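# Sharing a sequence plus its predicted fold:
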Amino acid sequence: MYISGGCHCGAITFIGEADPKRVAICHCTDCQKMSGGPYRSIVQVAESELTFQSGEPKIYPKIGDSGNPRELGFCESCGAHIYATSPRSSDTAERWLGIRTGLLDQVADLPPQAQVWFDSAVPWAQNIADLPRKSGQ
Ligand SMILES: [Zn+2]
Ligand SMILES: [Zn+2]
């Protein structure tokens, strides 16, 4: 499906094609630490299917919970996280970008299909449906 999105300040915008079956919630400790929340929702998009229309993410290299090197692309103006992916290697294999679904205009149409890195999931994050609800703060 068509996706469009961007960072908070609007410096970075992009469009692309995503498979709604490739949406997952990630409970890894890097997602917790870097998002500031208990987990993050991600859609895997092939790099060739994503086009940046404005701006260019700055890359923060890190080692993921997997032990593998990862690259986090973020907006250097507002700090919004755009994606995580593998470092570019010499082979021609397609890279997959884990786009943060909260950036997308279509976030409501991309419900997660799985939960990954569940061993580090925060237990209460599974049980928010019954919490009291307010329309504002
Ligand atoms: Zn920004
Ligand atoms: Zn993660």
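Here it is on my side, so go on. Ligands and ions are numbered 1, 2, ... in the order given.
# Which residues of the protein lie near ligand 2?
Residues of the chain found near ligand 2 (CB under 5 Å from the ion) are 26, 28, 31. For every residue, glycine as well, the C-beta is placed using N, CA and C.
# Give me the residue ranges of this protein where confidence is low.
By pLDDT under 70, the low-scoring segments of the chain are 90.
# what do you get if the cut-off is 90, keeping everything else the same?
Residues of the chain that meet the criterion pLDDT under 90 lie in 64-66, 68, 87-94, 137.
# Which parts of it are strands?
2-6, 13-17, 23-26, 40-46, 50-54, 58-63, 69-74, 81-85, 96-100, 114-116 (DSSP state E).
# what pairs with the longest one, and is each one parallel or antiparallel?
Put plainly, it is strand 40-46. Counting by DSSP bridges, the strands paired with strand 40-46 are strand 23-26 (antiparallel), strand 96-100 (antiparallel).
# Okay, buried residues for that strand please.
40-45 (16 or more other CB atoms under 10 Å).
# Look up how far T92 lies from the closest residue to R40 other than its chain neighbours.
Closest residue to R40 in three dimensions, ignoring its sequence neighbours and counting by CB to CB, 6 or more residues apart in numbering: C31, at 4.0 Å. Going from C31 to T92 by CB to CB, to the nearest Å gives 29 Å.
# Settle it for me: which of those two has more neighbours?
C31 (26 against 5; other CB atoms under 10 Å).
# For V23, give its distance to D30.
Separation of V23 from D30 (CB to CB): 18 Å.
# how deep is the closest residue to F14 other than its chain neighbours tucked in, by neighbour count?
The shortest distance from F14 to any non-neighbouring residue, by CB to CB, 6+ apart, is to F52 (4.8 Å). By other CB under 10 Å, the residues close to F52 number 15.
# Against Y2, how distant is F52?
F52 sits 16 Å away from Y2, going by CB to CB.
# Ok, S54 next?
In terms of CB to CB, S54 sits 18 Å off from Y2.
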